[in-house]
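> sequence below, structure please.
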Amino acid sequence: MARQIGKKLRGPTAIEFDKPLLTDGREDLMGMLTAGAGKFLLLAITSVSVIMTILIFVFIVKEAWPFLTGGRIVKLFSSTRWYPTATPAEFGMLALLAGSVYVTAGALVIAVPLGLLAAVFLSDIVSFRLRQVIKPIIELLAAIPSVAYGFFAVLVLAPWLQRHLGLPTGTNALNASIILAVMIVPTIISISEDALTAAGNNLRAGSYALGATRAETLLKVIMPAARSGIFAAIILGTMRAVGETMVVWMASGNAAQIPTPWWDITQSVRTITATIAAEMGESVRDSDHYHCLFALGLVLLVFTFVLNLLGEYFLAKVRHMQGTAS
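You can find the predicted model right below:
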């Protein structure tokens, strides 16, 4: 009886397996070919996005090159006069660049404090069960189409600003900034909350053990430890705001000017993205106007590329912190 039980515990012997323990040369070759084909297929699929990015960059540079080499690049970055259809035409992107800065900075001023407060609330104050309900709902804001935000800005927010603030027009930099803030808040909340959670309970417990209050722990221990993730959240939110087209096209007023005085965000502005979207379909192919619009796109591409590198740098720090905490 003991022998039978021991045999069952040991399991089947090698001679009872259908497949031999050693493979022959043909099976080794087929295994190597299958593994190599699988790796090649995965490499090809992964390389598609890289190749597409390179091709887009090359295409934009190719189309912008005739304008950049025409001796007008200095005036492009120094002039505020954007009159592409005038005679003679004037291509100055300084007012367009200022418009992008105005709406992006305004959105960050609104979204960053709200996003950080909401992230702290989700990570350290609310219960885990309630956080699992609130966070997905907040992230759903990022799934709303931008044209829906644009309609809200034009039909609801713009009349409200005119009626309650006495503005001559409700489509201005303030309107676009408020809507952009709502659009980038989910990104800031989600990434910041992940970074604050990744700080771990050890830091919190140690701070509490030293007599710190919850506010002191959050402000002096947890948030400094999660600063890389918070910076990454702000950078990714900035990228979303800079690259947004439809909302700023509908809500900013589309006036190619620098507000006077400079701090008056209730005036209409025009962004680079809105200019490209509005004028690309009307420009004559291979004209100066056509190539200048691609030069504007190249400026945006380089700026967002630099922001993306910074975001990846800070996100890598967050992943390292998460791995250390685990």
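
> now D264, what's its secondary structure?
Secondary structure, DSSP: H, G, I helix; E, B strand; the rest coil: D264 is coil.

> start the count at 86, not 1, going forward
In the new numbering, first residue 86, that becomes D349.

> what number of residues lie near it?
Under the neighbour criterion other Cβ atoms under 10 Å, D349 is assigned a count of 12. Placement of C-beta: from N, CA and C, glycine included.

> quick check: phi and psi on it?
phi -80, psi 100 (degrees, to the nearest 10).

> R157 now?
phi -110, psi 10.

> confirm for me that it is in contact with M178.
No. Look at R157 against M178 with Cβ atoms under 8 Å: they stay out of range, at 10.8 Å.

> out of these two, which sits in the busier spot?
M178 (24 against 19).

> name the element the nearest residue to the more buried one once chain neighbours are set aside belongs to?
If the residues on either side of it in the chain are set aside, M178 comes closest to L161, at 5.4 Å by Cβ to Cβ, 6 or more residues apart in numbering. Using DSSP states H and E, the element containing L161 is helix 158-163.

> what helices or strands is that helix leaning on?
Secondary-structure packing of helix 158-163 (3 or more Cβ pairs under 8 Å, 6 or more residues apart in numbering; DSSP states H and E): helix 373-410.

> and the helix it packs on, what other elements does it pack with?
Counting by 3+ Cβ pairs under 8 Å, 6+ apart, the packing neighbours recorded for helix 373-410 are helix 110-153, helix 158-163, strand 175-176, helix 258-283, helix 312-328, helix 357-364.

> how about 7 Å then?
For helix 373-410, the contact count by 3 or more Cβ pairs under 7 Å, 6 or more residues apart in numbering; DSSP states H and E identifies helix 110-153, helix 258-283, helix 312-328, helix 357-364 as packing neighbours.

> orientation of it relative to helix 258-283 in degrees?
Between helix 373-410 and helix 258-283, the angle formed by their directions is 20 degrees, by axes from the mean of the first three to the mean of the last three Cα atoms, to 10 degrees.

> sec struct for P346, please.
Using three-state DSSP, the three-state assignment for P346 comes out as coil.

> for I263, see how far away it is.
The gap separating P346 from I263 is 20 Å, by Cβ to Cβ, to the nearest Å.

> next one: L126
When distance is defined by Cβ to Cβ, L126 is 47 Å away from I263.

> can you count the residues close to M137?
M137 is flanked by 10 other residues according to other Cβ under 10 Å.

> okay, now the unreliable bits of the stretch 236-385 of the chain?
The stretch 236-385 of the chain contains no residues with pLDDT under 70.

> which strands and helices lie in contact with the helix or strand containing V188?
Counting by DSSP H and E, the secondary-structure element that holds V188 is helix 179-205. Using 3+ Cβ pairs under 7 Å, 6+ apart as the contact definition, the elements that helix 179-205 packs against are helix 258-283, helix 312-328, helix 357-364.

> buried set for the longest one?
Same thing as helix 258-283. Along helix 258-283, the positions that meet the burial threshold by neighbour count (16 or more other Cβ atoms under 10 Å) are 258-283.

> check contacts around the residue positioned nearest the centre of the chain.
Using Cα atoms, centre = their mean, the residue of the chain that lies closest to the mean C-alpha position is L321, 3.5 Å off. For L321, the contacting residues are 272, 276, 396, by Cβ atoms under 7 Å, 6 or more residues apart in numbering.
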